[in-house]
Structures are given as C-alpha cells and as structure tokens.
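S.K.: Pasting a predicted model and its sequence here:
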There are 2 protein chains.
Amino acid sequence: MRIGELSRRTGIPVRMLRYYEERGLLTPERAPSGYRRYAEADVDRATLVSSLIRSGLPTRLILPLLRDPYGPVAGGTPGDEGGEMVALFTAELARLDDRIACMSLSRDAVRRHLRLRRARARAER
Amino acid sequence: MRIGELSRRTGIPVRMLRYYEERGLLTPERAPSGYRRYAEADVDRATLVSSLIRSGLPTRLILPLLRDPYGPVAGGTPGDEGGEMVALFTAELARLDDRIACMSLSRDAVRRHLRLRRARARAER
DNA sequence: CTTGACTCTCACATCGATGTGAGACTTTAC
DNA sequence: GTAAAGTCTCACATCGATGTGAGAGTCAAG
C-alpha cells in the first residue's frame, strides 16, 4: 500500500511516516516511480513505533528494540557492547515506570479537578 | 528558602523553577535583594507542577488546575466559559489515559527486550 | 574588606516532534 | 489527454522544555 493508505489506516500523519523512515524505523520498498510501498505488516509496525515514540523512547533505542524480534542481533550493532545497551534499556525502563507513575498521579489530579468543575457547573444552573 | 535550596530539595533544576514562575505556576515572594523566597508549601507545589509538566499537560491548564483547590475560581478566569475548560480538561484526561496505556505497552516491550538481551548475554558467557 | 558561592535577568542555543509550503512527478478517473 | 488527487524531496518554521553563558548584584565566612 502507499503512504496515504497507511496513514489512514494507522492514523499517523504522512509526515511522521516519512520521519520514521528517515530514522530507519520503517523501511518501505520503493515503486519504480519512487513511491513508498508498505507491506501489510507495516501497519502494526508503524503503530508500535508511534506508541514507542509517544512514550518518549529515543528513536535510537527503538531501532534495536524493533530489529531484535526479527532476528537476533548476531554480535550486536557495531559499537554495541551488550552491557552498554542493557544499561540504556534499563535506564529507559526506569524512566518509563517513573513516568507512568507520574502520569497516573496527573490523571487523578485532572480527574479530581474535572469533577470539581462539573459540580460547580451543575450548581450554577 | 531560596531557589537553590528548593532545587536541592525537589531535584528540579533552578532553571525550571524560574520557568515555572514565568508561567505563573509558582509565585515566590521576593526579598528586598530581589532573591526569590519560597514557602515551605512550594516544595510540594513545585513537585506537583513538575509531575504535571512531565506528564505533558500544557502549562496553561496547569494553572487553573492548581489555583482551584486554593479558592474557587469565582466566576472563572476571564474568557473561561466553564464549558470550554471542562472540554479542555476532558480532552486532556483522555489524552492522559491514552498515553498511560501506550506507555504501559512500551514498558512491556522494553521489558521483554531487556529479558532477551540479558538471556543472550548470559548465553555468551 | 575580600572572596567564593548564590542569585538575578536576559538572551541565545538546542533538541525532538511536527507543521507547512514549494516545485515537480505519478496515478487515477473521466 | 486533462484534471484532480496523491506523492516525492527539501527546507524552513514552530513549539515546549531545557541548557548555557554573560554581566552584575548579594550573602556569608574569614
């Protein structure tokens, strides 16, 4: 499928799909015309990438994370001394846990606030 | 207390504490010298602000959210037709829920990946 | 008083994620 | 074949959160 359809099906702006490619996270074939041709599997992949990015994962971590399930890293990315990457991902995991906790708090705060506003709105009627 | 101490006690960079003030989220007194003087309560407040911001809440929503518990909005902020704010906060709540879900997924992905890497590292020994 | 640590303001730099517009080519529908 | 819609690349713009440095004043300890 072409980029427009993928965009429609994933809800991800065309601009971002191209951006993912620039980052090496999505690597569509090219038609002779130069148009990108995405595989069916890219629907899921793009969605995952989008999720990861929206979660604040740096794209340079997303790549190894994605590549992995599709074949072991076989000696590792150049410059990747196993331990280093493990440390990076561990840190990222901590960051995620932290942020999730923090967002849960925020959500509660917003929820509380919303209830307050609604109550007030009701009272004013 | 002065800004440095608040920074130490909250872990928030001095720069950010000033930024919060610029955004109207924290409004310390000023000593005659011009130095900011923070109240004890600002430790909590700054922490909350930091959480909210890290959660991606736009600062313009944080202000009304914070002000509220400290005295009802009394007619509302100028230009705030209740309903509008409620809509904004509702949208924000949805966004938060969405992001939390999305980050949970990401966390699981990272966790899985981390286990994989560790297993591989063990295998190589 | 002097010095070192703090603080002030201001302004510019950066960084990642996005938007946007220009100019040119491709595909599709008629 | 023509027009409309889609796509391409490139490059510049924006936006929020931060960093950073300059130049000047303040505070506390000796």
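M.R.: Nice, thanks for sending it over. Residues are numbered from 1 along each chain as shown, chains lettered A, B, ... in the order given.
S.K.: For the residue nearest to residue A:29 when sequence neighbours are not counted, list the residues it contacts.
M.R.: Nearest non-adjacent residue to residue A:29, counting by Cβ to Cβ, 6 or more residues apart in numbering or on different chains: residue A:37, 4.4 Å away. Bear in mind the C-beta positions are built from the backbone N, C-alpha and C, glycine included. Residue A:37 makes contacts with A:1-2, A:28-31, as judged by Cβ atoms under 8 Å, 6 or more residues apart in numbering or on different chains.
S.K.: which phi and psi does residue A:37 have?
M.R.: For residue A:37, the backbone dihedrals (degrees, to the nearest 10) come out as phi -120, psi 110.
S.K.: Likewise for residue A:30?
M.R.: Dihedral angles (degrees, to the nearest 10) for residue A:30: phi -130, psi 140.
S.K.: Would you mind naming the residues that bridge with it?
M.R.: Counting by DSSP bridges, residue A:30 forms beta bridges with residue A:36.
S.K.: and it, how many residues sit next to it?
M.R.: Residues lying near residue A:30 (other Cβ atoms under 10 Å in any protein chain shown) number 10.
S.K.: Ok, the one 3 residues further on next?
M.R.: Residue A:33 is flanked by 7 other residues according to other Cβ under 10 Å.
S.K.: Roughly how far does it sit from residue B:106?
M.R.: 35 Å (Cβ to Cβ, to the nearest Å).
S.K.: what does residue A:25 give?
M.R.: Taking Cβ to Cβ, one finds residue A:25 at 14 Å from residue B:106.
S.K.: For the two, indicate the residue with more neighbours.
M.R.: Using other Cβ under 10 Å, the more surrounded residue of residue A:25 and residue B:106 is residue B:106, with 26 against 22.
S.K.: Am I right that that one falls within a helix?
M.R.: Yes: judged by DSSP: H, G, I helix; E, B strand; the rest coil, residue B:106 forms part of a helix.
S.K.: which residues does whichever residue of chain A sits closest to DNA strand D contact?
M.R.: Chain A approaches DNA strand D most closely through residue A:4 (2.3 Å), counting by Cβ to the nearest atom of the strand. Residue A:4 is in contact with residue A:14, counting by Cβ under 8 Å, 6+ apart.
S.K.: do you know how far it is from residue A:53?
M.R.: According to Cβ to Cβ, residue A:4 stands 21 Å off from residue A:53.
S.K.: ditto for residue A:30
M.R.: According to Cβ to Cβ, residue A:30 and residue A:53 sit 23 Å apart.
S.K.: And for residue A:98?
M.R.: 18 Å.
S.K.: ok, now residue A:16?
M.R.: 8 Å.
S.K.: More neighbours: the two, which one.
M.R.: residue A:53 (20 against 16).
S.K.: is any part of the helix or strand hosting that one close to DNA strand C?
M.R.: Under the criterion of DSSP states H and E, residue A:53 resides in helix A:41-54. Yes: contact of helix A:41-54 with DNA strand C (Cβ under 7 Å from any atom of the strand) involves A:53-54.
S.K.: downstream neighbour of that helix in the secondary structure list?
M.R.: As assigned by DSSP H and E, the chain's next helix or strand after helix A:41-54 is helix A:59-67.
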